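**Q** 3D, please:
(one chain, ligands or ions: 1)
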Amino acid sequence: MSWQRFKKYFCEVPSLGFSIDISRVNFPDAFFGSMSDKIQKAFSDMDALVGGAVANPDENRMVGHYWLRNSSLAPSDELKSQIDENILRIKEFAKKVHSGEIRGADGKFENLLCIGIGGSALGPEFVADALSRPSSDKMSVFFLDNTDPDGFDLVFERLSGKLGKTLAVIASKSGGTPEPRNAMLESQKKWEDAGLDFARHSVVTTGNGSKLFNYAKERNFLEIFPMWDWVGGRTSEFAAVGLLPAALQGIDIDALLLGARLMDEATSNKDFMKNPAMLLALMWYFCTGGAGKKDMVILPYKDRLLLLSRYLQQLIMESLGKEFDLQGNRVEQGISVYGNKGSTDQHAYVQQLRDGVNNFFVTFIEVLKSREGGSVEVEEGGITSGDYLRAFLLGTREALSAKGRESITLTLPDVSEKSIGAIIALFDRATGFYASFIGINAYHQPGVEAGKKAAGRILEIKKAISALIEQNPNLTIEELAEKSGYVGDEELIFKLMQK
Ligand SMILES: O=P(O)(O)OC[C@H]1O[C@H](O)[C@H](O)[C@@H](O)[C@@H]1O
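**A** A predicted model of the protein is given here:
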């Protein structure tokens, strides 16, 4: 790759020590000219969104996640004060928990059990893992992000005897999602079995008046934090969904918000060559042909960023994976996202990236700061483990480029609150710009309902056959289908009866 090309397309955000290198994507210089209409439209769509337009037409909602990190952008004083008050309340609550003013039955809260799924879990899990500092964290964090009984038991085994010092935080925007509901009821039973009052060890984050809201209110939970319909689950890290568990863990949420705000300022730049999110979205468009023809491999060379790809899988695939565009045309859009971390993944699937099907582009994430403190020399000449990590990133990048395989490199100065806030904000904006390029609504998720609906019907079938089996355990599958009125569902009944 030529030094000239690298310099021409290198984009930095000095306020964050962040940079993006797109020079290893094989776009011709004329590509940007060919995209100028789309670029201008994306800028004006984004301005309208930030200005309070109904950017989520299918749900008739505004899209306000940029206001969360800079409330002065909010289209009304009322929204602005809701956002500001919420951050103050979160800080005040965390302070009281850390001081022990708000405490459990057995003393100061030492453990945090976060219950939620999807957007109500992936951000908190990513941030808790990326910014965990075992020696200084205020609370040890645990997650229940599914409805797997064995998964619950695993976490409760770790919390055994500690529930009197454990604070449960249940997050659900809709307040009606079964998985966190199940996890909450299982948790409540554990607290009660330990002779403890679950409500006096629990807070919730949910929409006003939701089932979860009412449940918490009726039982006098410690606190109820708001979740607003103008914030999407997958962009709720800077709402109470993310900020509350982060503050309780001892993470500096002001620095997290600052990082996101500084990146939002950089990605508001109308000079697209200086706008890292626009450059990123343009590279997605070039690599995928604007139609998901190539997958996005997320490859951070940092253990702390292991959960980034999982976070981005939801943000990008739930936002862009749409069947219809805004005109109602069937488009079946999306970009598949996968990846874990480097250099570890080099010893897993990079074989295919180098020699196999060229259906991907890589996003390397480089972190300049190797660790806190000094490093032992692992090879003469002052070579450290960190030197190996960087050499493996640069080497893999080189090896892929040599075979015409494309990559983008994002460089962060460190893994700090500011950098984590910034990288989340970068992908929020890039996803929004790309959605405008392809003309879809990035802010709803109609496709997730079908599986849930089918699951609801299957649970009805389970209830019906369980009742019949109780009366007569010797009924055949066909007889159960007949008697329950579910003829045609024999296979399902067979599956439900498998032990
Ligand atoms: O926060 P909740 O309302 O419980 O929703 C949790 C998750 O479930 C839904 O099915 C959607 O796929 C996600 O966008 C959402 O984040």
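
**Q** residue contacts, Ile461?
**A** Ser484, Tyr486, Asp489, Leu492, Ile493, Leu496 (Cβ atoms under 8 Å, 6 or more residues apart in numbering). From N, CA and C alone the C-beta is placed, and that goes for glycine too.

**Q** So the fourth one versus Pro473, what's the distance?
**A** If I follow you right, that is Leu492. To Pro473, Leu492 is 19 Å away according to Cβ to Cβ, to the nearest Å.

**Q** The two: which has the busier surroundings?
**A** Leu492 (18 against 7; other Cβ atoms under 10 Å).

**Q** Quick one: classify the more buried one as helix, strand or coil.
**A** Three-state assignment for Leu492 (DSSP: H, G, I helix; E, B strand; the rest coil): helix.

**Q** How about Pro75: what's its closest non-neighbour residue?
**A** Residue nearest to Pro75 in three dimensions, not counting chain neighbours: Gly52, with 3.0 Å by Cβ to Cβ, 6 or more residues apart in numbering.

**Q** let me redo that: Ile420
**A** Using Cβ to Cβ, 6+ apart and skipping the chain neighbours, the partner closest in space to Ile420 is Ala130 (5.4 Å).

**Q** Contact partners for the one you found?
**A** By Cβ under 8 Å, 6+ apart, the neighbours of Ala130 are Arg304, Leu305, Leu307, Leu308, Val415, Ile420.

**Q** ok, now how distant is it from Asp229?
**A** Applying Cβ to Cβ to Ala130 and Asp229 gives a distance of 28 Å.

**Q** For the stretch 201-350 of the chain, which residue gets nearest to the ligand?
**A** Taking Cβ to the nearest ligand atom, the ligand has its nearest neighbour within the stretch 201-350 of the chain at Gly233, 2.6 Å off.

**Q** Arg24: neighbour count?
**A** 23.

**Q** Can you check the pLDDT for it?
**A** Among the per-residue scores, Arg24 shows a pLDDT of 98.

**Q** State the helix or strand in which the residue nearest to the spatial centre of the chain lies.
**A** When the chain is reduced to its mean C-alpha position, the nearest residue by Cα atoms, centre = their mean turns out to be Tyr311, at 3.2 Å. Using DSSP states H and E, the element containing Tyr311 is helix 308-312.

**Q** quick one: that helix near the ligand?
**A** No. Taking Cβ under 6 Å from any ligand atom as the criterion, helix 308-312 and the ligand are apart, separated by no less than 11.7 Å.

**Q** neighbouring contacts of that helix?
**A** Contact partners of helix 308-312, identified using Cβ under 8 Å, 6+ apart, comprise 122-123, 125-126, 130, 296, 298, 300, 337-340, 365, 423-424, 427.

**Q** Kindly indicate which of those residues lies nearest Glu110.
**A** Checking these against Glu110 with Cβ to Cβ, the nearest one is Glu125 at 19.6 Å.

**Q** Now do the contacts for the closest one.
**A** Cys114, Phe143, Asp145, Leu307, Arg310, Tyr311.

**Q** ok, so what distance separates it from Asp137?
**A** 15 Å.

**Q** In this structure, where is pLDDT below threshold?
**A** 1 (pLDDT under 70).

**Q** all strands for it, in order.
**A** Assigned by DSSP state E, the chain shows strands spanning 11-13, 18-21, 103-104, 107-108, 111-115, 140-144, 166-172, 202-206, 223-226, 295-300, 337-338, 360-367, 407-412.

**Q** Skipping adjacent residues, who's closest to the residue of the stretch 351-499 of the chain found nearest the ligand in space?
**A** Residue nearest to the ligand within the stretch 351-499 of the chain (Cβ to the nearest ligand atom): Val448, separated by 4.0 Å. Nearest residue to Val448 in three dimensions, chain neighbours excluded: Glu318, at 7.5 Å (Cβ to Cβ, 6+ apart).

**Q** Over to Val362?
**A** Nearest residue to Val362, sequence neighbours excluded (Cβ to Cβ, 6+ apart): Ser407, at 4.1 Å.

**Q** Can you give me the neighbour number for that neighbour?
**A** Neighbour number of Ser407 under other Cβ under 10 Å is 25.

**Q** what sits against it?
**A** By Cβ under 8 Å, 6+ apart, Ser407 lies in contact with Arg24, Val25, Phe361, Val362, Thr363, Phe364, Arg397, Leu400, Ser401.

**Q** so how far is Asn214 from it?
**A** With distances taken as Cβ to Cβ, Ser407 is found 49 Å from Asn214.
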